[in-house]
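Asker: what shape does this take:
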Amino acid sequence: MDEGEEESFADLMLCDSNSRLIPSGFSKSNCTDEIVMFINAGGETLYEADSRMKLLGDTYFERGTVMQTNEPIIEAGDCPFIYWSARFGSFLYRFNNLPPGDYFVDLHFAEIINTNGPKGMRVFNVYMQEEKVLSDFDIFSVVGANKPLQVADLRVSVKEDGLIALRFEGVIGSPMVCGICVRKAQNIPVTQGSQEYLKCNNCAAEIEVSSAQMKLVRTKATDKYEKKIQELTTQCQLKTHECHEAWMSLTAANEQLEKVRMELDNKIFRTRTLDETVGIQAENLKNIISSYDHHKKHWEAAMSNLQEKIKIMKKEHAQLSHEAHACVESIPELNKMVTGVQALVVQCEDLKVKYSEEQAKRKELYNQIQDTKGMSNIRVFCRCRPLSKEETSAGFAQVVDFDAAKDGDLGILTGASTKKNFKFDRVYTPTDNQVDVFADALPLVTSVLDGYNVCIFAYGQTGTGKTFTMEGTDQNRGVNYRTLEELFQIAKERSDSFTYNISVSVLEVYNEQIRDLLSTSFTSKRLEIKQSAEGFHHVPGIVEAQVENIKEVWDVLQIGSNSRVVGSNIVNEHSSRSHCMLCIMVKSKNLMTGECTKSKLWLVDLAGSERLAKTDAQGERLKEAQNINKSLSALGDVVYALATKSSHIPYRNSKLTHLLQDSLGGDSKTLMFVQISPSERDLSETLSSLNFATRVRGVELGPAKRQVDTSELQKMKTMLEKARQESRSKDESLRKLEESLQNLESKAKCRDQVYKTQQEKIKELEGQLELKTSMHNQSEKQVSQLSDRLKGKEEIYAALQLKVKELEAKLKERQQSNSACYQQKVKDLENKLKEKVQESESNSLALQLKIKELERKLKGQEENPESIFLQLKIKELEDRLKEQEQQLQCALARDFAVAIVTSPSEGKRRRDDESMNEAEPHILRSSNSTSRCPLSRGSKQPRVSDAVHETRRKRYSRSGETENNTSLAEKRARKSDPPKVARGVKIAKPGSIAAQGQGPLAHKRVINRVQAVMERDNTKKIWSR
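Answerer: Numbering: from 1, shown residues only. Below you'll find the predicted structure:
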């Protein structure tokens, strides 16, 4: 949209032509009028430095809410805070107790809510004193968002009640306003002109004319114009009558067309009904034929089936008789078979018992071998990472001695000549890979499938490779991934005798709070550790992901590692700030014995065990480090209590030890990876980790116990009871078999009788087939007859369609010819009307020239002293004629009222014509008689009365004619009600149209003009004597 179009669109919103839009804020320099009040809409009362300016609080409203903003307003003027608040919604403002007078109201707006647009989101109307001053007002379309907009100079007049009412009404959305300013309007002086002037066409001089003469000239001009208008209206009525007749002929033609169309529709409807009936009959015939074919095929199939069944029944009868004899002979052999089967079942049960005993012994021996490898159930493996590039470049030496690593011995160089030795179950050098590490942990992993609880955890300072050992990378997997891969491999190998159900959950102990790393939804609910009825500890509400292959396992591990809390410190850039715990739940079932176990494997990646002074942590990292050291110290307390065999073991001092209570106790197998650094920079932390590992290795736990699922044992018991019941039911079924043999012999006799009855039914069906064939022949004949009828009806339908097309073509031709004629007539009428209008304009110009000439003559007469004397005499005669003219005025008022009701324009024109026609000759006579001798005074009285009677008689006769004309017009209008074409159209100048629309005031003016003309005529005639 261009700028000009936007300005015109904005101007359309203003209903008051004197008001204006200002796209800027309030400025004190532009406000010169006295400010009565300034309302800060939606805000409080504020005082300006200028004492004459005071912003009142928002207390004059009814309804609505307050909206405020902190965003800056562009081009806000002297008072930008006005536009920071606004009144919002459909609301009303009332300002009372104002002095009567004229006021200006300024409205201040700013779009502070819908700042992103678009246009048309907020459109509303504003009413002042119940008169619309703003229509479809849209702030955003004019100035945009966060910009001020003023609607200034809305003029309003306050009456005696002293009230200004402003109402805001929404069209789209809710209206809003930021401020309302009420100013006192200055009084505008009104110029009063007592004299009027005419300009001469020849000399261009201004000639002074009295109001009475000016009125007389105007009445003459209006009378002549009204005559022309009357002639044009009569011509217009004739043309409308012609148009009416043309419309009537057109309606008659349309009625004939509608009748023809109705006939065509009826014929088309008949043809369609015939087509539908023919189609229905054809469908019925098709259904009859199809049903006949279907029944025929059905009966043929039934016949063939019956014949086949008879043959089969004969064969079955022979077989049953043969089997009955064989069964009677084989009853002793069946008894021998049953005894043999029972003996085999007893042997199988003995083999199952022996197999289960051997398997239990194998497991016991395997666990004893595992226990003999170490002094306790807690095994400790030490792993050392290689020196990093930074350490080698910095010149740090290696303080770890791996000479006796194969025997489990490890040496730490604490000084130049001092060395401290440590003994562990296994020591890994920096050259050992992930496969070597997992090979030693594999026996513990397999014991999970046998029903034992196992815990494997990595301990050490930050940066020693704990996460690498447990999780690994995509190319070099760690213990977690390899453990699950091995579990799936063993479960697949044992699938013939065992079924396994493996589920995985990943937890994190962060700041002594348990977090579920597999949970997709963030919940503020805290996870707590509970003890189940079986005695083991678990965390209700955690996600247990069922995994069936190694790909699903890797996805779960990736989700858990990505969700873990990681931070940076001086020791390591990507340090683990929590304990990550992977829990693998295994449920197994022995398919041979039915024994069920439920075991648990914990794979724990502990956080760094370094001291606080070394990390130099602050803020949140300091809090994390404190909680990590607290939980690790709690783990040390538990290890110490287990090593000293204390009666109380403080598992509940930390969430970590509480979760590992089942694995650190006496009925589980535990493995610890202690991770150390070979650098001399980390010597103190390495010694601390190794000392803790030796304490852990010294813990002696009791023998591990299998976690048997008692619920599965109960299920096995119920299954045994069911098996016993089934064996009993089988014995009963054997008895029933013997009884069924006897029943078979009786059924064979019954089937012979059924065979005979079926042969009789076949004969009946053959008779029914013969009847159906005869019916089919008759239906074929009916179908041929109906097809012949269809062909005849189709020919009739085609002929009817041709006739319909011909009639439609004729109708189109008629419509085109009629429309062309009507269009030509309308054009002719328009041309004639234009010619008449041109003639009326030329006549009006000629009349104006004559009026100017008459005005000149009148001025010449009025300058004479005789005219002054005549005016005095006219005043005296006016008093005498008042009584007579009052009666005449009453009669004229009644006549005009009746004429206005029937046809106000015609009655007015005719009365004005009479008054002007009578007035013009008298004026000419009076002007001529002033130069002649005066006549006798008594001869004028009868002329005045005769003139009055003649005018009354003419007016009554004219009023009667107008009534007759109106009644005739009403009869024509009632004859038919077509659309009115150019009826009542008046072609005249704006002055005459305005005079006709004034109502009773115009009538009174015409009466006064007639009286003034008559009185002037009488006085001039008297003085001419």
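
Asker: check which element follows the host helix or strand of Lys336 along the chain.
Answerer: Per DSSP states H and E: Lys336 is located in helix 211-373. Next helix or strand after helix 211-373 toward the C-terminus (DSSP H and E): strand 378-384.

Asker: now do the buried residues in that next one.
Answerer: Residues of strand 378-384 classed as buried by neighbour count (16 or more other CB atoms under 10 Å): Ile378, Arg379, Val380, Phe381, Cys382, Arg383, Cys384. Bear in mind the C-beta positions are built from the backbone N, C-alpha and C, glycine included.

Asker: closest one of those residues to Glu624?
Answerer: Glu624 lies nearest to Arg383 out of these, by CB to CB, at 25.0 Å.

Asker: quick revisit: Throw the buried residues of strand 378-384 into a markdown table and include distance to Leu720 and pLDDT, thanks.
Answerer: Listed next are the buried residues of strand 378-384 as a markdown table, based on distance: CB to CB, whole Å; pLDDT from 0 to 100:
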| residue | distance to Leu720 | pLDDT |
| --- | --- | --- |
| Ile378 | 40 | 80 |
| Arg379 | 40 | 85 |
| Val380 | 46 | 90 |
| Phe381 | 45 | 92 |
| Cys382 | 51 | 94 |
| Arg383 | 50 | 93 |
| Cys384 | 56 | 93 |
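
Asker: take stretch 818-834, keep the C-alpha atoms, and write them as PDB.
Answerer: Extracted in PDB, the C-alpha atoms of stretch 818-834 (Å, rounded to 0.1, in the frame of the first residue of the first chain):
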ATOM      1  CA  ASN A 818     -36.000  -9.300 -26.000                       C
ATOM      2  CA  SER A 819     -32.900  -8.300 -24.100                       C
ATOM      3  CA  ALA A 820     -31.500  -6.400 -27.100                       C
ATOM      4  CA  CYS A 821     -34.900  -4.500 -27.600                       C
ATOM      5  CA  TYR A 822     -35.000  -3.600 -23.900                       C
ATOM      6  CA  GLN A 823     -31.500  -2.400 -23.900                       C
ATOM      7  CA  GLN A 824     -32.100  -0.200 -26.900                       C
ATOM      8  CA  LYS A 825     -35.300   1.300 -25.300                       C
ATOM      9  CA  VAL A 826     -33.300   2.100 -22.100                       C
ATOM     10  CA  LYS A 827     -30.600   3.800 -24.100                       C
ATOM     11  CA  ASP A 828     -33.200   5.900 -26.000                       C
ATOM     12  CA  LEU A 829     -34.800   6.900 -22.700                       C
ATOM     13  CA  GLU A 830     -31.400   7.900 -21.200                       C
ATOM     14  CA  ASN A 831     -30.600  10.000 -24.300                       C
ATOM     15  CA  LYS A 832     -33.900  11.800 -24.000                       C
ATOM     16  CA  LEU A 833     -33.400  12.500 -20.300                       C
ATOM     17  CA  LYS A 834     -29.900  13.900 -21.000                       C
END
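
Asker: just the buried residues of that stretch, please?
Answerer: By neighbour count on 16+ other CB under 10 Å, the buried set for stretch 818-834 is Asn818, Leu829, Leu833.

Asker: in helices, which of these appear?
Answerer: Counted as lying in helices by DSSP state H, out of the buried residues of stretch 818-834, are Asn818, Leu829, Leu833.

Asker: got the residues you listed as a markdown table, with distance to Glu853 and pLDDT columns?
Answerer: Below are these laid out as a markdown table (distance: CB to CB, whole Å; pLDDT from 0 to 100):
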| residue | distance to Glu853 | pLDDT |
| --- | --- | --- |
| Asn818 | 53 | 78 |
| Leu829 | 37 | 81 |
| Leu833 | 31 | 80 |
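
Asker: from these, which single one is nearest Tyr510?
Answerer: Closest to Tyr510, out of all of those and judged by CB to CB, is Asn818, at 93.8 Å.
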